[in-house]
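J.: sequence plus the predicted model coming up.
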Amino acid sequence: MDSLFLSVHFPQLLLQIGYGILIPVLPLFVADFGVGYGMIGLALGGMALGTVVADFPAGALLRVFDRKSVMIGGLVILGVSVIMLFWCSAVWQVILARIVGGVGTAMFNLSRHAYITEVTKPQGRGRELALFGGLARAGVFLGPAIGGLVAGLFGLKFAFLVYGFLVIMALLCSVLFVETSNIRETRSSTMKTALLMIYRSQNRVLGAAGVGQIMVQLVRRAREAIIPLYASEVIGLDVQAVGWVVSGAALVDMLMFIPAGYIMDRFGRKYAIVPSFLLQGIGLVAIPIAESFIGLLLIGFVIGIGNGLGSGSMMTLGADLAPRQALGEFLGILRLIGDTGSTAGPLLVGVVASAVSLPLATVLAGGVGFCAAAIFAAYVPETLPPRQAKQQAD
């Protein structure tokens, strides 16, 4: 498992720091073009759009090329898209660069997920992917501060160069430390045969896990929009106080990957997934009763604990469920479903908040969390082998 540090975990940290760098920088960069909020939102959502569009094709590429080649290709595309931002002189160029970056991200994410699935065993997979999720949270936690510092000292555009450098470092790690996989098994059948096999043998599980995945990602993205909006518009906290609430929840979230991995590998995946979304549901439903900074901070801690408890859980579940004869297609479909929910989350919060109220949107998001927990508890099978779970518990 130690070999995964340089091939998987360290590149993950680098890329997520880069992603975090853009959080404070990209909105300001786009706003400097003198455009409205709609265009800014489109530029910020460009990467998500590119990822959703490319998820399934990226999975299908794994039938033709080995994991390492797709991984490297994705990083090259992502790196080019990030460097493109430095020379962008119009909003449409920024949007195009972000969509291209989304395509590269989809290729890298799918090939990396397939690679981790192949090189890990079920008894250690939960801990490896929980660490993977924890490093993603750490990167996004550190990235905004680095982005703000670089932009403040050298200008907004230079933050893109730092991100590009991090992508190059991740690319070098992939070239040097990722092993070339044997893909004869995936070439033994056509994509059509693989899709038919998924439909016939996995349709019920994929349907349940897919619906749960949509709800999971919807809740995760919705909470990112809800907490700062509620803190500012309902409680009336200033920007600094909002930052403390968000950072506090993120810090707790980031630290939970150790118990998350331990629970998934010792007791079972569902023992982490179900409590994760029950806690997030409880926290979201409780937000409307918060009337002060301390109250919202404590609720943020609860939500952070819940989300951190699910660190790496969706990737672990997908790796466990994926049939080896159709690994790329299965993971591509599952990620497409999840990314759709991730994209829809903030949009649904905005629609409900505009049509009714932000507190009602918060309660509805909490209800989605409860539904996600119920679906995974009742309809998605436990994927940790029974003998292993029993031996680990003993």
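T.: Good, I have the coordinates.

J.: can we go C-alpha only for contacts and neighbour counts from here?
T.: Will do.

J.: any idea which helix is longest in this protein?
T.: helix 191-229 (DSSP state H).

J.: now the element after it, going C-ward?
T.: Going down the chain from helix 191-229, the next helix or strand is helix 239-255, by DSSP states H and E.

J.: contact partners of whichever helix or strand comes after that next one?
T.: Scanning forward in sequence from helix 239-255 by DSSP H and E, the next helix or strand is helix 257-266. With contacts defined as Cα atoms under 8 Å, 6 or more residues apart in numbering, helix 257-266 is touched by 122-131, 133-134, 269-272, 308-313, 384, 389, 392-393.

J.: selecting buried members of those residues in ChimeraX, what would you type?
T.: Typed into ChimeraX, the line below selects the buried ones among these, using 16 or more other Cα atoms under 10 Å:
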select :122,123,125,126,127,128,129,130,131,133,134,269,270,271,272,308,309,310,311,312,313,384,389
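
J.: how far away from the center of its chain is the longest helix of the chain?
T.: Distance of helix 191-229 from its chain centroid, counting by Cα atoms, centre = their mean, to the nearest Å, is 13 Å.

J.: that one - contacts with which helices or strands?
T.: Under the contact definition 3 or more Cα pairs under 8 Å, 6 or more residues apart in numbering; DSSP states H and E, helix 191-229 sits against helix 239-255, helix 270-286, helix 327-355, helix 358-378.

J.: now with 7 Å, please.
T.: helix 327-355, helix 358-378 (3 or more Cα pairs under 7 Å, 6 or more residues apart in numbering; DSSP states H and E).

J.: ok, which of those comes nearest V245?
T.: Nearest of the helices and strands packed on helix 191-229 to V245, taken as Cα to Cα: helix 358-378 at 16.3 Å.

J.: any idea of the mean pLDDT for the closest one?
T.: The predicted model gives helix 358-378 an average pLDDT of 92.

J.: which strands and helices sit next to it?
T.: So helix 358-378, by 3+ Cα pairs under 7 Å, 6+ apart, packs with helix 191-229, helix 270-286, helix 327-355.

J.: out of these, flag the one nearest A60.
T.: Nearest of the helices and strands packed on helix 358-378 (Cα to Cα): helix 327-355, 5.5 Å.

J.: and the closest one, how far from the chain's centre?
T.: For helix 327-355 - counting by Cα atoms, centre = their mean - the centre lies 11 Å from the chain centre.

J.: I'd like to check the angle between that helix and helix 191-229, please.
T.: Computed with axes from the mean of the first three to the mean of the last three Cα atoms, to 10 degrees, the direction of helix 327-355 lies at 30 degrees from that of helix 191-229.

J.: got the angle for helix 327-355 vs helix 358-378?
T.: Counting by the same axes, to 10 degrees, helix 327-355 lies at 150 degrees to helix 358-378.

J.: on that earlier part again, orientation of the longest helix of the chain relative to helix 239-255 in degrees?
T.: Using the same axes, to 10 degrees: helix 191-229 against helix 239-255 is 140 degrees.

J.: buried ones in helix 191-229?
T.: 191, 194-195, 198, 202, 205-223, 225-229.

J.: where does pLDDT dip in this structure?
T.: 1-2, 37, 181-192, 194-195, 197-201, 239, 346-347, 387-394 (pLDDT under 70).

J.: domain assignment for this protein?
T.: Using automatic domain parsing, the domain parsing of the chain gives 1-175, 202-394.

J.: from P27, how far off is F132?
T.: Applying Cα to Cα, to the nearest Å, the value for F132 to P27 is 27 Å.

J.: out of those two, which sits in the busier spot?
T.: F132 (24 against 15; other Cα atoms under 10 Å).

J.: any idea which element the more buried one lies in?
T.: helix 122-154.

J.: show me what that helix is packed up against.
T.: Judged by 3+ Cα pairs under 7 Å, 6+ apart, helix 122-154 is in contact with helix 10-31, helix 156-177, helix 239-255, helix 257-266, helix 313-321.
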